[in-house]
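S.K.: have a look; sequence and predicted model below, questions after that.
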Amino acid sequence: MISVCLPIIAKQLTAHNAQPLTVRTGFKGFFQIRKLAPLLVFTGLLLSGCGGSDKAETVKADAAEASEPQATSMQVPADLVLRGGKVITVDDDLGEAEAIAVNGYTITAVGSNEAISAYIGSNTEVVELNGRTVIPGFIEGHGHYLSLGRARQILDLTTAKNWDEIVSKVASAVDKAEPGEWIFGRGWHQEKWDSLPAKNVDGVPLNDSLNEVAPKNPVYLGHASGHAAFANDAALIAGGINDETADPEGGTIVRTADGKATGLLRENAQDIVEAAIDKYQERLSPEENRRLRAERVKLAGQEALYFGVTSFHDAGANFETIDFFKEMEASGDLPVRLYVMVRRESNEDMDKKLPDYYMPAEGNDFLTVRSIKRQIDGALGAHGAWLLENYEDIDNPGLVLEPVADIERTAEVAVKHGFQVNTHAIGTRANRETLDIYQRVWNRMEVDGTGLRWRVEHAQHIHPDDVPRFGRMGVIAAMQGVHCTSDGPWIPTRLGEERTRLTSYPWRDLISTGAIIGNGTDVPVEPISAIASYYSSVSRMTNKGERFHPEQSMTRMEALKSYTINNAYAAFEEDIKGTLTPGKYADIVVLDQDILTVEEARIPQTNVDMTIIGGKIRYTRQAKTDTAVTGGE
């Protein structure tokens, strides 16, 4: 137990003064000093109010409870204090504490209850933890932010137990819709159904039943993975698909033995119908489109805050969407901090525009842009992951979604403009090719890539020969613990038992060979619950109650770091977030039990009681209702 932790001001000032001081006109027009702001807050030279009243289990301290210390340059009354619990700092030098003090948007001190009591003044907001646990805010390492919000605006098919349930939900939606109106849904996964329809192709039904309940409404239902979709005939016709339509490059229009389109579209085949959807949505006014997007931002934020997510790595937005995010940040309407990857832009456009979109984290910003997302293959469930050998259940090695040469050119553009490259790679061939691309570009451009922090998104199935390359090259494995346990029961069907054992989710092997693993959920592919993914990371327990190759499990602290400091490192933000260290962002989560020590089987029952971002309480769990503040500032 530590008594109190104070930064060594002279040492840190010296370190920061060694770098140029960068200033920009930032959030709400204030000048924000990137490197010195945390130190200025700590020393009392920069003060800002935390605000926030009517918070659950929060009281104002008065003179009868705590004597107010003399405010000096080294000890200023805090805006917010959390005390009487277990503070897991995730900082190896600090360990654990009992209390934490916050001024403005940064942490002032962590220490014992007695030591932190010196920071309580007459205007300090005090949260009595009553033995609860405090950790750094969870950082979602790979998700799709607007897609999460949109998933709450359409049919939620994630809990459907079979095809009949899905058809029933569509029928109910059709009853409320006008003829010609599109019906959208997302989240179905045939491997999770309790039964299959009598008529099916590769375990997926024909679209006959959808045609019956929606003869005049196009229906488009996204697979949970995002790598396939199911359409009725009205939607196929809208997209111009018939039985003679050729498969697009990198995609498949699934057909019956006699050549009839079943309605299932894999990978790039989805683009055909989605082009028709884009045209349909053009009927909306710019104002209505903006309203829908703003609502998605709010809905996604509410869900993130509920699960204790304070930062979110958004795996793909084009320049137009980034412009929208910039507007939302400027108006204070981003609920959580976003680390956005540039996506769906040509190499030519990126070469021209990336300098204008480079936005490193500064001050108390809620928007960072400094990376690019590419996708080399698809998903294993849809037979889209690119393998070194054929699948066990089909005579095919999977799909290449984006040409290797094009991704290689992206990597060159990234080096030129100082952007990170994050490539989706799931299959063994995809992971090898991605590492090869990175190495070739580094060699050709004569750069030391080990410090660039380039990433492989998902990195699910890796040949043993390629595992050590991650650590050796400094490539980050941006993985999702919950994918392992969600997919575990059916992975051997795709890969066979031995290949599964050797290649699937090799976390222990990656860590042992020096790789850094980030964690996440790939929401809305999986729910955004960080606790669920943390539990999967330490237990590898599938929903069938079986452990999926537990020898590759993470320790509890490794799993917690994968969701905090590792993801901060993966975004070049380890100096401002990821641990409860004085001077860093006061992005804090309160849990109702200690996930490092509670019985393993009880980890999934852990609740997030409070989510704090930048020193402001954004969410509190109450007995009957939950409250969340979804604005950014």
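M.R.: Arrived safely, thanks for sending. Remember, predicted model here, so these are calculated numbers, not experimental data.

S.K.: who touches the strand or helix carrying Ala234?
M.R.: If you go by DSSP states H and E, Ala234 is part of helix 233-238. Under the criterion CB atoms under 8 Å, 6 or more residues apart in numbering, residues 182, 207, 211, 214-220, 242, 261, 263, 273, 276, 280 lie in contact with helix 233-238. No exception for glycine: its C-beta is placed from N, CA and C like everyone else's.

S.K.: check stretch 426-445 too.
M.R.: Applying CB under 8 Å, 6+ apart, the contact partners of stretch 426-445 are 376-380, 384-389, 397-398, 404, 407-408, 411-412, 415, 421, 423-425, 448-449, 452, 454, 456, 458-463, 466, 469-470, 473, 475, 503.

S.K.: could you list which of the residues you listed belong to helices?
M.R.: Among the contacts of stretch 426-445, DSSP state H puts 404, 407-408, 411-412, 415, 469-470, 473, 503 in helices.

S.K.: who are the contact partners of Arg602?
M.R.: Gln593.

S.K.: just the CA atoms of stretch 502-513, as CSV, please.
M.R.: Taking Å, rounded to 0.1, in the frame of the first residue of the first chain, the C-alpha atoms of stretch 502-513 are listed here in CSV:
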residue,chain,number,x,y,z
LEU,A,502,-1.6,-24.4,-33.1
THR,A,503,-2.9,-21.1,-34.5
SER,A,504,-6.1,-19.9,-32.8
TYR,A,505,-5.9,-16.9,-30.4
PRO,A,506,-2.3,-17.6,-29.2
TRP,A,507,-2.2,-14.9,-26.5
ARG,A,508,0.3,-16.6,-24.2
ASP,A,509,2.7,-17.3,-27.1
LEU,A,510,2.4,-13.7,-28.3
ILE,A,511,3.1,-12.3,-24.8
SER,A,512,5.9,-14.7,-24.2
THR,A,513,7.6,-13.6,-27.3
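
S.K.: in it, which residues are buried?
M.R.: Judged by neighbour count (16 or more other CB atoms under 10 Å), stretch 502-513 contains these buried residues: 502-511.

S.K.: distance to Ala171 and pLDDT for these - can I get that in a markdown table?
M.R.: Shown next, in a markdown table, are those (distance: CB to CB, whole Å; pLDDT from 0 to 100):
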| residue | distance to Ala171 | pLDDT |
| --- | --- | --- |
| Leu502 | 45 | 98 |
| Thr503 | 42 | 99 |
| Ser504 | 38 | 99 |
| Tyr505 | 38 | 99 |
| Pro506 | 44 | 99 |
| Trp507 | 43 | 99 |
| Arg508 | 47 | 99 |
| Asp509 | 48 | 99 |
| Leu510 | 46 | 99 |
| Ile511 | 48 | 99 |
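
S.K.: let me know the closest of those residues to Leu354.
M.R.: Leu510 (29.9 Å; CB to CB).

S.K.: tell me the SS of that closest one?
M.R.: Classification of Leu510 by DSSP: H, G, I helix; E, B strand; the rest coil places it in helix.

S.K.: got a list of what it touches?
M.R.: Contacts for Leu510 were tallied using CB under 8 Å, 6+ apart; they are 459, 462, 467, 470-471, 477, 517.

S.K.: which of those sits closest to Phe307?
M.R.: Using CB to CB, Ile517 is the member of the contacts of Leu510 that sits closest to Phe307, with 19.8 Å.

S.K.: tell me, how many residues neighbour the residue nearest to Gly418 when sequence neighbours are not counted?
M.R.: In space, Gly418 comes closest to Tyr358 once its chain neighbours are excluded; the distance is 7.0 Å by CB to CB, 6 or more residues apart in numbering. By the criterion of other CB atoms under 10 Å, Tyr358 has 13 neighbours.

S.K.: how near is Tyr358 to Met541?
M.R.: Plainly put, Tyr358 is 42 Å away from Met541 if you go by CB to CB, to the nearest Å.

S.K.: do Val441 as well
M.R.: From Val441 over to Met541 the distance is 39 Å, taken as CB to CB.

S.K.: before we move on, what about Arg432?
M.R.: Taking CB to CB, one finds Arg432 at 29 Å from Met541.

S.K.: and those two? Which one has more around it.
M.R.: Met541 (21 against 18).

S.K.: please name the bridge partners of that one.
M.R.: Beta-bridge pairing of Met541 under DSSP bridges involves Arg547.

S.K.: isn't it right up against Tyr535?
M.R.: Yes - shown here, Met541 and Tyr535 form a contact pair, counting by CB atoms under 8 Å, at 7.3 Å.

S.K.: before we move on, back to that, can I get the buried part of the ones in helices among the contacts of stretch 426-445 as one ChimeraX selection?
M.R.: Buried residues among these (16+ other CB under 10 Å), as a ChimeraX selection:
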select :407,408,411,412,415,469,470,473,503
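
S.K.: from the ones in helices among the contacts of stretch 426-445, pick the one nearest Val309.
M.R.: Distance to Val309, by CB to CB, is smallest for Phe470 among the ones in helices among the contacts of stretch 426-445, at 25.1 Å.

S.K.: list the contacts of that closest one.
M.R.: Phe470 neighbours (CB under 8 Å, 6+ apart): 435, 456, 459, 462, 476-477, 510, 513-515.

S.K.: before we move on, the earlier item: tabulate the contacts of Leu510 (a markdown table), appending pLDDT.
M.R.: Formatted as a markdown table, the contacts of Leu510 follow (pLDDT from 0 to 100):
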| residue | pLDDT |
| --- | --- |
| Ala459 | 99 |
| Ile462 | 99 |
| Val467 | 99 |
| Phe470 | 99 |
| Gly471 | 99 |
| Ala477 | 99 |
| Ile517 | 99 |
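
S.K.: return the member of these nearest to Tyr119.
M.R.: Ile517 (35.4 Å).

S.K.: next one: phi and psi at the closest one?
M.R.: phi -110, psi 130 (degrees, to the nearest 10).

S.K.: quick one: it and Asn207, what's the gap?
M.R.: Distance, Ile517 to Asn207, using CB to CB: 40 Å.

S.K.: and Phe572, by the same measure?
M.R.: 46 Å.

S.K.: more neighbours: which of these two?
M.R.: Asn207 (23 against 16).

S.K.: check what pLDDT that one gets.
M.R.: pLDDT recorded at Asn207 is 92.

S.K.: quick one: residues contacting it.
M.R.: 230-233, 262-263.

S.K.: and these, which two are the farthest apart?
M.R.: By the measure CB to CB, Phe230 and Asp233 form the most distant pair in the contacts of Asn207, at 11.7 Å.

S.K.: between the two, what contacts are shared?
M.R.: With CB under 8 Å, 6+ apart, Phe230 and Asp233 have common neighbours 207, 263.

S.K.: looking at the two, which is more packed in?
M.R.: Using other CB under 10 Å as the criterion, Phe230 and Asp233 rank with Phe230 on top: 26 against 19.

S.K.: now that one, nearest residue through space, not along the chain?
M.R.: Nearest residue to Phe230 in three dimensions, chain neighbours excluded: Leu221, at 4.6 Å (CB to CB, 6+ apart).

S.K.: what does Val342 give?
M.R.: Per CB to CB, 6+ apart, closest to Val342 is Ile372, 4.8 Å.

S.K.: hmm, back to that, can you select the buried ones from the contacts of helix 233-238 in ChimeraX?
M.R.: Buried residues within these, by 16+ other CB under 10 Å, are selected in ChimeraX with:
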select :182,207,214,217,218,219,220,261,263,273,276
